[in-house]
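Enquirer: need a 3D model of the sequence below.
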Amino acid sequence: MNRAIFVIGDVHGCYHTLVDLVAKLPKNSRLIFVGDLCDRGLYTKEVIDFIIENNYEVILGNHDDYMVSHILESIDNEDRYIRWKDEDYMGGAQTLLSYKNDIKHIEKHLEFLESLPRYIEIGNYFITHGFALPYYKNRDKQSAHIGLLKNRIDDKEDWGDDWEKNWQDYDVINIFGHTDYKEVEIGKNYYGIDTGCVYGGKLSAIELDKMNIISVALNKKDIST
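Expert: Model prediction:
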């Protein structure tokens, strides 16, 4: 690869941390995000603007999918209980605050999120949001889509008949987010690169082929006013 390619873990609205990380990467690098741009951090709007403006590539994450499904409903039905906005763990309330009810901006971002793929393949790299090796052969089937978004290594065979039995032997390398680790999780044919930025950890990027890891600590601006 002539141009450096970096895959970046779950941002979760941490705009200032993202800017700090991108500043450490070689200029003109190709950047790919594993999804979960939104929720929990205070700057979802700024994160998505930054990515759109720079034409970066993104995989759909489960929180991005929640935002698409619930943000307009949450604004239209403020008094109705909606898990995405009302449960602290989900982080939708922080996303709503970042937009300040700017419906046109929200609609622009929803259109962007709705266009995102569930995986990107580059050579033998299989880039997804959830841990997706057990869905690799069936990756284009509708029945496997929830696994691509939400599966974790520890889930084992909880996602049903689509879990493929011999994924450990696949000649592909899965790079994924979704499950937060203290450090990048490295397995035989996978890398888990969500290092818990929004929880006080780090935002990490991994360079394809060289597999160099570059991380920055959470910028506290992203979680406190």
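
Enquirer: pull out the buried positions in stretch 183-203.
Expert: Buried residues in stretch 183-203, counted by 16 or more other CB atoms under 10 Å: 184-185, 190-198, 201-203. C-beta here means a position set from N, CA and C on the backbone, and glycine is covered the same way.

Enquirer: could you tell me the end-to-end distance of that stretch?
Expert: The straight-line separation of the ends of stretch 183-203 (CA to CA, to the nearest Å) is 10 Å.

Enquirer: and what of stretch 174-192?
Expert: One end of stretch 174-192 sits 8 Å from the other (CA to CA).

Enquirer: can you check stretch 136-155 too?
Expert: First-to-last distance for stretch 136-155 - CA to CA - comes to 16 Å.

Enquirer: got the contact list for it?
Expert: Here stretch 136-155 makes contact (CB atoms under 8 Å, 6 or more residues apart in numbering) with 60-62, 65, 118-119, 126, 128-132, 134-135, 159-160, 162-164, 167, 170, 172, 174, 178-179, 187, 190, 192.

Enquirer: can you do 7 Å?
Expert: 60-62, 65, 118-119, 126, 128-132, 135, 159, 162, 164, 167, 170, 172, 178-179 (CB atoms under 7 Å, 6 or more residues apart in numbering).

Enquirer: which of the residues you listed are buried? Put it as a PyMOL command.
Expert: The buried residues among the contacts of stretch 136-155 can be selected in PyMOL (16+ other CB under 10 Å) with this line:
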select buried, resi 60+61+62+65+118+119+126+128+129+130+131+132+135+159+162+167+170+172+178+179
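
Enquirer: quick one: which of the contacts of stretch 136-155 sit in helices?
Expert: Here DSSP state H is the test, and the contacts of stretch 136-155 give 62, 65 as lying in helices.

Enquirer: tell me the contacts of Phe6?
Expert: Contact analysis of Phe6 by CB under 7 Å, 6+ apart lists 25, 29, 31, 205-207.

Enquirer: hmm, 6 Å instead?
Expert: Listed by CB atoms under 6 Å, 6 or more residues apart in numbering, the contact partners of Phe6 are 25, 29, 31, 205, 207.

Enquirer: look up phi and psi at the fourth one.
Expert: In other words, Ala205. Torsion angles at Ala205 (phi, psi; degrees, to the nearest 10) stand at phi -130, psi 140.
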